[in-house]
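Asks: need coordinates for the following:
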Amino acid sequence: MTMGKYFEYLHTVGFEETNIVGNVYYVNYLRWQGRCREMFLKERAPDVLAELQDDLKLFTLKVDCEFFAEITAFDELSIRMRLIELAQTQLEFGFDYIRVGPGSSETLIARGRQRVACMRGPNTRTTPARIPESLIRALDPYAS
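Replies: Numbers count the residues shown, from 1 in each chain. Have a look, this model is predicted:
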């Protein structure tokens, strides 16, 4: 289903993430990408979080998501992030959304991507910046 090692964020879908007929709103898939990325930083690259408090910015340039199956409230998901591409100032992540749960086989629900640029400086004058070495080291095990 997925190639190589991935960082995993587990999530249980809530009612507030669904529409009137019980399907998950598409925007939540994008929110979960961001949440997975945040949890990765918290667990694997906490010093990058400190840099984000200073002048480092991680700008999301592009996101996409392709859907294969519906999910509803209380479905259990594994959002699996891996590194697709690493350049000097940008990176691209891949995300697999897998339905998991007791006694059930894993089902690929959706697949997404996210392109991120590293920038530094005050909000009015940010400039491209090299990806921090600590982030590169933290991402190395998750390269596809």
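
Asks: how near is Ala138 to Ala45?
Replies: Distance of Ala138 to Ala45, given as C-beta to C-beta, to the nearest Å: 4 Å. Bear in mind the C-beta positions are built from the backbone N, C-alpha and C, glycine included.

Asks: how about residues contacting the top helix by length along the chain?
Replies: In the chain, with assignment by DSSP state H, the single longest helix is helix 26-44. With C-beta atoms under 8 Å, 6 or more residues apart in numbering as the test, helix 26-44 has contacts from 7, 9, 11, 13, 17, 48-49, 52, 60, 63, 65, 67, 77, 79, 81, 93, 95, 97, 110, 112, 114, 116, 138.

Asks: so which of the residues you listed are in helices?
Replies: Per DSSP H, these map to helices at Val48, Leu49, Leu52, Ala138.

Asks: Throw the residues you listed into a markdown table and include pLDDT, neighbour count and distance to Glu106, thanks.
Replies: As requested, those are exported to a markdown table (pLDDT from 0 to 100; neighbours: other C-beta atoms under 10 Å; distance: C-beta to C-beta, whole Å):
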| residue | pLDDT | neighbour count | distance to Glu106 |
| --- | --- | --- | --- |
| Val48 | 96 | 19 | 30 |
| Leu49 | 92 | 12 | 30 |
| Leu52 | 92 | 12 | 33 |
| Ala138 | 96 | 20 | 25 |
